[in-house]
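Novice: Dropping a prediction and its sequence here:
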Amino acid sequence: MTPVLLHGAGREARSAAGYFNTKGIEPLLYDDGGGAIEGTRSISLDEAKAAIEGALYLRSPGVPPTNALVALAAQKAALATTPTGYWLSNYAPEGTITVTGTKGKSTTTALLTQILCHAGLKSAAYGNIGSPLLGPEPVTETHPVVEISSYMMHDLPETHHLHLITSLFKEHTDWHGSEADYRAAKLRPFRQSKPAPGIAPRGVIDSEVLPPSVEAIEDLVQSGTKGLSIGGADIDIGPREQGFHQGPMRAALCLSLAAASKVAATADLKPAAEKTIQTWRGMPSRQEIIPTTDGRIWVDDALATIPEATLQALERFQDRDVRVILGGADRGQDLEHLFRAIGRKQTIKAFIFGPIAQAAPDFVCHVDSMETAITEAAESCPQGGIILFSPSAPSSDPHTNYKERSALLKRCALQLI
């Protein structure tokens, strides 16, 4: 029996431990921070190194390739991947769909899952926005839709299900080591000896020279009289304020429709898509509208941690007065194109805080904190205008993560009414 070594005591590892226990296999656990999983034997680093040869090594997604145990596993383990990678290579049904990209993964995953369910197919979201795939309860859907990060894809085994790319920009270079390594992880299924089928924006296909197994979104979904057209059927994408007329929401819908057309070719997608659009309420911290009564529209886009995502949010609200709040850690992202776009529009006024503020030109208002940025944005925003928190950078002190910043925005929005 192949021994199993779990590296990291996170959410996926806890679920994986439950899976192996149901199979009568007792996994070993090593966690760099001393974490534990109930009912699973924890071992030391030296013991993990001794146990790794010939073992099934499953790391938690956050454990980086620079970790010494990861490098050793790549050389000596029977298989080295994540619990998600193990499930995808061993148990994924033919109708499995994985969704990755720099931005738009969660929205695409949620939209596609709803479209497939409304079309009468058995589908559910897994991965980052759903339950872990490898767990004590088996996946029973014919079309699981899996949001998969570059961390999970770094050592993804060969797979042949449909793989979707939402977008591809510079991100997570500190974890992967370089932008080239980050892109290689995202595109790994297409670099196999037998490339996986996929769908991606034409720009990504051309710039990355992807194989013929990857189809362009633009070839599968076109503009129609009511918004979009697929397979000759016009899809009514609803009123403009629903968010599907432009920007990242439209891109996510187009990719979802394209994917649905490939895996559910015999289903009538028009009513399924329109029902999904009509009932869509958005994803937390992804251009999420905060319910207020002050006559302005407050938008929580806290997960927009790259400038390209902020530009997409600004495009959505291009016909309105916008007060955009930027700020956070400096990861060396190129912000010049964002600042140029802001500078060209008299209807946009920007406020910036944190380490990235040092790169901002004078016409961007430099402030000492996110709280100050919110207050000044609210004071200068007219009735009917947009107060948009789309930071273009990840969290930095004193904020721990995006959830903390999102909660702060919502508290201030309600207090400043």
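Specialist: Done, it's in.

Novice: And the strands in the stretch 251-400 of the chain?
Specialist: For the stretch 251-400 of the chain, the strands defined by DSSP state E, counting those that start in this stretch occupy 288-290, 297-300, 322-327, 348-353, 365-366, 386-389.

Novice: Compare the mean pLDDT across these and name the weakest.
Specialist: Looking at the strands of the stretch 251-400 of the chain, the lowest mean pLDDT belongs to strand 288-290 (a mean of 87).

Novice: Packing partners of it?
Specialist: Strand 288-290 sits against strand 297-300, helix 402-415, with contacts defined as 3 or more Cβ pairs under 8 Å, 6 or more residues apart in numbering; DSSP states H and E. (C-beta placed from N, C-alpha, C; glycine too.)

Novice: Just the buried positions in the longest one, please.
Specialist: Of the residues in helix 402-415, those buried under the neighbour-count criterion (16 or more other Cβ atoms under 10 Å) are 402, 405, 406, 408, 409, 410, 412, 413.

Novice: now the end-to-end length of stretch 146-166.
Specialist: Using Cα to Cα, to the nearest Å, the span of stretch 146-166 from its first residue to its last is 13 Å.

Novice: Over to stretch 96-116?
Specialist: Chord length of stretch 96-116, first to last residue, is 12 Å (Cα to Cα).

Novice: what's the answer for stretch 355-374, then?
Specialist: 17 Å.

Novice: do the same with stretch 230-245
Specialist: Criterion Cα to Cα; first-to-last residue distance in stretch 230-245 is 16 Å.

Novice: where along the stretch 51-200 of the chain do the helices fall?
Specialist: 68-76, 83-90, 105-118, 150-153, 173-176, 179-186 (DSSP state H, counting those that start in this stretch).

Novice: show me where the stretch 201-350 of the chain has helices.
Specialist: Per DSSP H, counting those that start in this stretch, the stretch 201-350 of the chain carries helices over the ranges 202-208, 217-220, 247-263, 269-279, 307-316, 336-344.

Novice: Now mean neighbour count too, for those, in JSON lines please.
Specialist: Shown next, in JSON lines, are the helices of the stretch 201-350 of the chain (neighbours: other Cβ atoms under 10 Å):
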{"stretch": "helix 202-208", "mean neighbour count": "16"}
{"stretch": "helix 217-220", "mean neighbour count": "16"}
{"stretch": "helix 247-263", "mean neighbour count": "24"}
{"stretch": "helix 269-279", "mean neighbour count": "18"}
{"stretch": "helix 307-316", "mean neighbour count": "22"}
{"stretch": "helix 336-344", "mean neighbour count": "15"}
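
Novice: And those helices, which one averages the lowest pLDDT?
Specialist: helix 307-316 (a mean of 88).

Novice: what angle do that helix and helix 336-344 make?
Specialist: 30 degrees (axes from the mean of the first three to the mean of the last three Cα atoms, to 10 degrees).

Novice: for helix 307-316, packing partners?
Specialist: Using 3+ Cβ pairs under 8 Å, 6+ apart: helix 307-316 touches helix 247-263, strand 322-327, helix 336-344.

Novice: right, and the ones you listed - which one's nearest residue 131?
Specialist: Distance to residue 131, taken as Cβ to Cβ, is lowest for helix 247-263 among the helices and strands packed on helix 307-316, at 20.2 Å.

Novice: nearest to residue 157, of the strands of the stretch 251-400 of the chain?
Specialist: Set against residue 157 and scored by Cβ to Cβ, these come closest in strand 288-290, at 35.2 Å.

Novice: Neighbouring strands of that closest one in the sheet, and parallel or not?
Specialist: Looking at strand 288-290 with DSSP bridges, its partner strands are strand 297-300 (antiparallel).

Novice: For the strand it pairs with, list the C-alpha coordinates in PDB.
Specialist: What follows is strand 297-300, C-alpha atoms only, in PDB (Å, rounded to 0.1, in the frame of the first residue of the first chain):
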ATOM      1  CA  ILE A 297     -23.800  53.400  -5.300                       C
ATOM      2  CA  TRP A 298     -21.200  51.900  -3.100                       C
ATOM      3  CA  VAL A 299     -19.200  49.100  -4.700                       C
ATOM      4  CA  ASP A 300     -17.000  46.500  -2.900                       C
END
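
Novice: Hmm, residue 378 is touching residue 297, no?
Specialist: No: look at residue 378 against residue 297 with Cβ atoms under 8 Å: they stay out of range, at 11.9 Å.

Novice: Report the set of residues contacting both of those two.
Specialist: residue 387 (Cβ atoms under 8 Å, 6 or more residues apart in numbering).

Novice: possible to save the helices and strands packed on helix 307-316 as JSON lines with distance to residue 6?
Specialist: What follows is the helices and strands packed on helix 307-316, written out as JSON lines (distance: least, Cβ to Cβ, whole Å):
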{"stretch": "helix 247-263", "distance to residue 6": "32"}
{"stretch": "strand 322-327", "distance to residue 6": "37"}
{"stretch": "helix 336-344", "distance to residue 6": "41"}
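
Novice: could you measure residue 296 against residue 345, distance?
Specialist: Taking Cβ to Cβ, to the nearest Å as the criterion, residue 296 is separated from residue 345 by 18 Å.

Novice: Show me what the nearest residue to residue 27 once chain neighbours are set aside is bridged to.
Specialist: Take residue 27 and drop its neighbours on the chain: the residue closest to it by Cβ to Cβ, 6 or more residues apart in numbering is residue 4, 4.0 Å away. For residue 4, the beta-bridge partners under DSSP bridges are residue 56.

Novice: any idea how far residue 230 lies from residue 259?
Specialist: 11 Å.

Novice: Residue 2 now?
Specialist: On the measure of Cβ to Cβ, residue 2 and residue 259 end up 34 Å apart.
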